[in-house]
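>>> need a structure here:
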Amino acid sequence: MRRERLVVGLDVGTTKVCCLVANVVDGIIEIIGMGMSPSRGLEKGVVVDIGRTIQSIRKAVEEAENMADVRVDNVYVGIAGKHIRSINNSATVSITRPDRIISKEDVHRVVEAARTIPLPPDVELIHVIPRQYIVDGQEGITDPVGMTGTRLEVDVHLVMGSVTAVHNLVRCVESLGIRIAQIVLEPLASSMAVLSSAEKELGVVLLDIGGGTTDISVFRGGDIWFSKVIPIAGEHITNDITVGLQTPIEEAERIKKEYGTCLVDSVGDDEKIDVATIGGDGTKTVSRKKLAKIIEPRVEEILDLAMQEVEDAGYRDLIPAGMVITGGTSLLHGIVEFAQQRYGIPVRRGQVPQGIHGLRDIVESPIYATAIGLLKYGVEGRDFARMQATRGRGGGGLLTRLFGWFRKFLRG
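As a prediction, this is how the structure comes out:
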């Protein structure tokens, strides 16, 4: 029987808010609506102005609704920020029934034991992701239900975040009458959009370099082993250009995209560009090599900080598939070649996966990787336990339901 439903991904980033609406038929994703607006009210992935954040989300959602001719009332929302941290944990339970057949209840029991860790009052769980199950010492099991054994173990990846940061994001979305299907770690979402199964199996590091944060995740054996968010990314490059060339920030962003490169040696000494001056009263001519000399050290710093996190976690020698770079900053000229030369590993730019239909020509850029990953997560995600804050929320709180009813009333 044909199975059809709507899935909506909402990427609330530091520089942009992107909403994608997809029609999913028998697991096939067809994007039918897209909305994007400048992000106002976030710094380094964290809400600092609720009112302006709500306005940015509303604009992106309404654009997507109008294009798709649907009402959005349920979304998968990405979260990042330096407050995010993760650990790996494990637990074991005994199978005491006479037939020793492992049931769903046993799986729930062992995962619940693995997720039970002491947390500070200002921290809550966002994800509990089983990496593998082990039955009587046999490793690598993805679904132990129906197997026979006396001891069931699980290895899980736990992702945690600040209660305040999570709840502020939830409040911004729910104030528009939209329910949250799940909060999703942005590195996890991006990985579903741009990494191949072979890369995840072999061992790979994914860097999603956005505007305010760089999301780091390491995959091995098909599952996530490490995740971290660092508060340095593309905005820092733009700010460096603003200061170095004494130009407005909007102009700095433009010339970064049009003329920027992190390969100083690839730029000729005679290459010149025109740059607007501060105050908007004219332009000046500067060397493109000077621009590259501003960009290169900041890119070096971003990549080095990310790789240092990977090394500190003990995974530097466990990524034979190399590095995949995605996010808006991945479009910077020369960044793939720069990373290859610096670390001596395979590096590629993340691309939208095959199997995404509909508005593919619009969303094929890496800047949409997280939003597309959120759609794929909504279809394929296998997170075992929902964020604690969503427990008992059901169809949303009273405020959410009232806003939802009011929006439907206004739109007929």
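>>> what lines up beside the strand or helix carrying Asn89 in the sheet?
Element membership for Asn89, per DSSP states H and E: strand 85-94. As defined by DSSP bridges, the strand partners of strand 85-94 come to strand 151-162 (antiparallel).
>>> Can you mark which positions in whichever helix or strand comes after the partner strand are buried?
Once strand 151-162 ends, the next helix or strand along the chain (criterion: DSSP H and E) is helix 163-174. The neighbour-count check on helix 163-174 (16 or more other Cβ atoms under 10 Å) flags Val163, Ala165, Val166, Asn168, Leu169, Val170, Cys172, Val173, Glu174 as buried. For every residue, glycine as well, the C-beta is placed using N, CA and C.
>>> can I assume Ile362 is in contact with Met36?
No. Ile362 is not in contact with Met36 according to Cβ atoms under 8 Å; the separation is 9.7 Å.
>>> out of these two, which sits in the busier spot?
Ranked by neighbour count (other Cβ atoms under 10 Å), Ile362 and Met36 place Met36 first, with 21 against 13.
>>> which residues pair with the more buried one across the strands?
Cys18.
>>> what residues does stretch 55-62 touch?
10, 12, 17-19, 35-41, 72, 75, 172-173, 176, 178 (Cβ atoms under 8 Å, 6 or more residues apart in numbering).
>>> ok, now stretch 275-294?
240-241, 244-248, 251, 255, 259-264, 266-269, 271-274.
>>> any idea how far Arg349 lies from Gly322?
Using Cβ to Cβ, to the nearest Å, we find Arg349 at a distance of 12 Å from Gly322.
>>> Who has more neighbours out of those two?
Gly322 (18 against 15).
>>> Let me see the contact set for the nearest residue to the more buried one once chain neighbours are set aside.
Nearest in space to Gly322, with sequence neighbours left out and distances taken as Cβ to Cβ, 6 or more residues apart in numbering, is Pro346 at 3.2 Å. With contact taken as Cβ under 8 Å, 6+ apart, Pro346 is in contact with Ala321, Gly322, Met323, Gln340.
>>> Helices of the stretch 301-412 of the chain, start to end?
335-343, 360-363, 369-380, 398-411 (DSSP state H, counting those that start in this stretch).
>>> what ranges do the helices span in the stretch 101-250 of the chain?
104-115, 163-174, 186-194, 197-202, 234-245, 249-259.
>>> Which of those sits closest to Asp143?
helix 104-115 (8.3 Å; Cβ to Cβ).
>>> Show the average pLDDT along that closest one.
Mean pLDDT, computed over helix 104-115, is 94.
>>> Next: stretch 281-293.
So the average pLDDT for stretch 281-293 ends up being 92.
>>> ends of that stretch, how far apart?
26 Å (Cα to Cα, to the nearest Å).
>>> Buried ones in that stretch, by neighbour count?
Val286, Arg288, Lys289, Lys290, Leu291, Ala292.
>>> what's the distance between the fourth one and Thr261?
Yep, that's Lys290 we're talking about. Lys290 is 12 Å from Thr261, by Cβ to Cβ.
>>> again, but for the last one
Computed with Cβ to Cβ, the distance linking Ala292 and Thr261 is 5 Å.
>>> where do the contact lists of those two overlap?
Val267.
>>> what helix or strand is the closest residue to Ser37 other than its chain neighbours on?
Spatial nearest neighbour of Ser37, excluding adjacent residues (Cβ to Cβ, 6+ apart): Lys59 at 3.9 Å. Using DSSP H and E, Lys59 sits within helix 50-68.
>>> Quick one: mean pLDDT over that helix.
pLDDT averaged over helix 50-68 gives 95.
>>> where in the stretch 201-350 of the chain is pLDDT low?
Where the stretch 201-350 of the chain drops to pLDDT under 70, the residues are 280.
>>> So which residue of the protein lies furthest out from the middle?
Computed with Cα atoms, centre = their mean, the residue of the chain farthest from its C-alpha average is Pro98, at 44.7 Å.
>>> helix, strand or coil for it?
Of the three states, Pro98 takes coil under DSSP: H, G, I helix; E, B strand; the rest coil.
>>> what about it, distance to Thr150?
11 Å.
>>> residue contacts, Gly35?
So Gly35 contacts Cys18, Cys19, Lys59, Ala60, Val61, Glu62, Glu63, Ala64, Glu65, Asn66, Met67 (Cβ under 8 Å, 6+ apart).
>>> 7 Å instead, please
Cys19, Ala60, Val61, Glu62, Glu63, Ala64, Met67 (Cβ atoms under 7 Å, 6 or more residues apart in numbering).
>>> Which one of those sits in the busiest neighbourhood?
Cys19 (31 neighbours).
>>> is it true that it touches Leu10?
Yes. Counting by Cβ atoms under 7 Å, Leu10 is a contact partner of Cys19 at 5.2 Å.
>>> how many neighbours does the residue nearest to Ser37 have?
Lys59, neighbours per other Cβ under 10 Å, totals 17.
>>> rewinding a little: which of the helices of the stretch 101-250 of the chain sits closest to Ala369?
Taking the helices of the stretch 101-250 of the chain one by one with Cβ to Cβ, helix 186-194 is closest: 4.5 Å.
>>> Let me see the mean pLDDT of the closest one.
90.
>>> returning to that earlier point: could you pick out the buried ones from the contacts of stretch 275-294?
240-241, 245, 247-248, 251, 255, 259-264, 267, 273.
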